[in-house]
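> The amino acid sequence is not available; the structure is as follows:
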Ligand SMILES: Nc1ncnc2c1ncn2[C@@H]1O[C@H](COP(=O)(O)OP(=O)(O)OP(=O)(O)O)[C@@H](O)[C@H]1O
Ligand SMILES: [Mg+2]
């Protein structure tokens, strides 16, 4: 599937009800399997852009299209189902469930998408091995380092071989060595799953890992 943003605009309201335009993207196409790094400063709308592609924030105008599917036109329940199948999201703050182990966190999206329990567990195990966490499968997020939690979040984002993996500043809390490792993993995992990778960052160093770097300012109006 390709992802196309068409005349996309997102406008928030401030406390006084005044319009705050956050995103204005006339046209942006990301082809199936492509890996893109979108760059912008703090407050430039990076998280909002990923939330809009995920269908968590709905466009004020315009469309996000997965091939010809306009997810915003779906009911909320159908949108949740579509997201579970097509979107893997490495959130800026991970959003791991604290009451679940690493293995359970990674398995969760596959349960939502309706995968068989045995196959899900097997795949979650192999992904956690892949990200170097075979010894931490039964650990809860609160007992894991930031880098370990980040790797759990990456494994969780790719378990359903989603159409798109969204990654929000996935190296923000890491040192150079761990950051390079996490970026490598993310790109490899997306590539193995044949997923689009949309990564947003403000860090110039992260851009060096991508051939396709697009400043948010340039794709915006
Ligand atoms: N729910 C909301 N209601 C009103 N304004 C919002 C809302 N969410 C975000 N904003 C505003 O929209 C702008 C873009 O926010 P966003 O979180 O997308 O930026 P960002 O590029 O991800 O920033 P950072 O690099 O700091 O994470 C900011 O000015 C923010 O204050
Ligand atoms: Mg952000």
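Cool, got the structure. Because the structure is a prediction, the values reported are computed rather than measured. Numbers count the residues shown, from 1 in each chain. Ligands and ions are numbered 1, 2, ... in the order given.
> what's in contact with the one helix or strand residue 25 maps to?
Following DSSP states H and E, one finds residue 25 within strand 19-30. The contact list for strand 19-30 (Cβ atoms under 8 Å, 6 or more residues apart in numbering) reads 2-14, 36, 45, 48-49, 52, 62, 164, 196, 198, 214, 219-221. (C-beta placed from N, C-alpha, C; glycine too.)
> Out of these, which sit inside strands?
Using DSSP state E, the subset of the contacts of strand 19-30 located in strands is 3-13, 36, 62, 164, 196, 198, 214.
> State the number of residues packed around residue 118.
Around residue 118 there are 8 other residues, counting by other Cβ atoms under 10 Å.
> On the three-state scheme, it is what?
Using DSSP: H, G, I helix; E, B strand; the rest coil, the secondary structure recorded for residue 118 is helix.
> remind me, longest helix of the protein?
Criterion DSSP state H: the longest helix present in the chain is helix 176-192.
> Run through who's touching that one.
Here helix 176-192 makes contact (Cβ under 8 Å, 6+ apart) with 33, 35, 90, 127, 130-131, 147, 150-151, 154-155, 157-158, 165, 167, 170-171, 174, 196-197, 199, 205-206, 209.
> and the ones in strands among the contacts of strand 19-30, which are buried?
3, 4, 5, 8, 9, 10, 36, 62, 164, 196, 198, 214 (16 or more other Cβ atoms under 10 Å).
> ok, for the first one, nearest residue in space, not its chain neighbours?
With Cβ to Cβ, 6 or more residues apart in numbering as the criterion, residue 3 has its nearest non-adjacent residue at 4.7 Å, and that residue is residue 30.
> Thought residue 157 was touching residue 90, still the case?
Yes: Residue 90 is within contact range of residue 157, at 4.8 Å (criterion: Cβ atoms under 8 Å).
> Spit out the residues that contact these two alike.
Common neighbours of residue 90 and residue 157 (Cβ under 8 Å, 6+ apart) are 165, 166, 167.
> Any chance of the residues you listed in CSV with pLDDT as columns?
Output for the shared contacts of residue 90 and residue 157, formatted as CSV (pLDDT from 0 to 100):
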residue, pLDDT
165, 97
166, 97
167, 96
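> quick one: which of these has the most company?
In those, the most neighbours by other Cβ under 10 Å go to residue 167, 28 neighbours.
> Kindly calculate the angle that the helix or strand hosting that residue makes with helix 176-192.
Element membership for residue 167, per DSSP H and E: strand 164-168. If you take axes from the mean of the first three to the mean of the last three Cα atoms, to 10 degrees, strand 164-168 sits at 160 degrees to helix 176-192.
> When you compare pLDDT across the buried ones among the ones in strands among the contacts of strand 19-30, which one is lowest?
Among those, residue 214 carries the lowest pLDDT, at 94.
> I'd guessed that residue sits against residue 40; true?
No: Residue 214 is beyond contact range of residue 40, at 9.6 Å (criterion: Cβ under 8 Å).
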